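Student: give me a model of this one.
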Amino acid sequence: MSKLTVIAGDFPTGVGRFTIRNFTLPGDENHYLCETVSAQQVTSISKATEEFLLLLDTDEATKEYIETASRDQVFFMAKLEDKRRLIASTDQRTYIKIIKAVEKEANISPELTPTAA
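Tutor: Alright, predicted model coming up:
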């Protein structure tokens, strides 16, 4: 299981996980309930640039997190079948796992998806 951090979108912010083919995302403001989303539900996914991320309407702590992220940190945007979106960060190794799962489960090629989620 690999860690990811949701920083914006239609899901509460916070720490989530990615397993072989599922995202476990924060589900409520107290993070007691989580939501599991299959990689099969992803309709597009792409990397997000730091410039784009700093345009988001986020709190100062999130902006500082973005600015001080390590070189290994990858920010990405994903859109789901039900039109919900998320912007998250993870390490490079987990991002590659996510891309492979999306390619296999959702049968899309992330390199060909639109850059805006």
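
Student: what does the lengthiest helix in the chain contact?
Tutor: Among the segments of the chain that qualify as a helix by DSSP state H, the longest is helix 92-105. For helix 92-105, contacts defined as Cβ atoms under 8 Å, 6 or more residues apart in numbering pick out 2-4, 18, 20-21, 38-40, 42, 45, 47, 72-74, 76, 90, 108-110. (C-beta placed from N, C-alpha, C; glycine too.)

Student: got a quick ChimeraX command for the buried subset of these?
Tutor: To isolate the buried members of the contacts of helix 92-105 in ChimeraX, using 16 or more other Cβ atoms under 10 Å:
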select :4,18,21,39,42,45,74,76,90,110
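
Student: so which of the contacts of helix 92-105 belong to strands?
Tutor: Using DSSP state E, Ser2, Lys3, Leu4, Phe18, Ser38, Val42, Ile45, Lys47, Gln73, Val74, Phe76, Thr90 are the members of these that sit in strands.

Student: I'd like these as JSON lines, with pLDDT and distance to Leu55 appended.
Tutor: Below are these laid out as JSON lines (pLDDT from 0 to 100; distance: Cβ to Cβ, whole Å):
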{"residue": "Ser2", "pLDDT": "91", "distance to Leu55": "27"}
{"residue": "Lys3", "pLDDT": "93", "distance to Leu55": "25"}
{"residue": "Leu4", "pLDDT": "94", "distance to Leu55": "21"}
{"residue": "Phe18", "pLDDT": "95", "distance to Leu55": "25"}
{"residue": "Ser38", "pLDDT": "93", "distance to Leu55": "29"}
{"residue": "Val42", "pLDDT": "94", "distance to Leu55": "23"}
{"residue": "Ile45", "pLDDT": "93", "distance to Leu55": "19"}
{"residue": "Lys47", "pLDDT": "92", "distance to Leu55": "15"}
{"residue": "Gln73", "pLDDT": "91", "distance to Leu55": "18"}
{"residue": "Val74", "pLDDT": "93", "distance to Leu55": "18"}
{"residue": "Phe76", "pLDDT": "95", "distance to Leu55": "16"}
{"residue": "Thr90", "pLDDT": "95", "distance to Leu55": "21"}
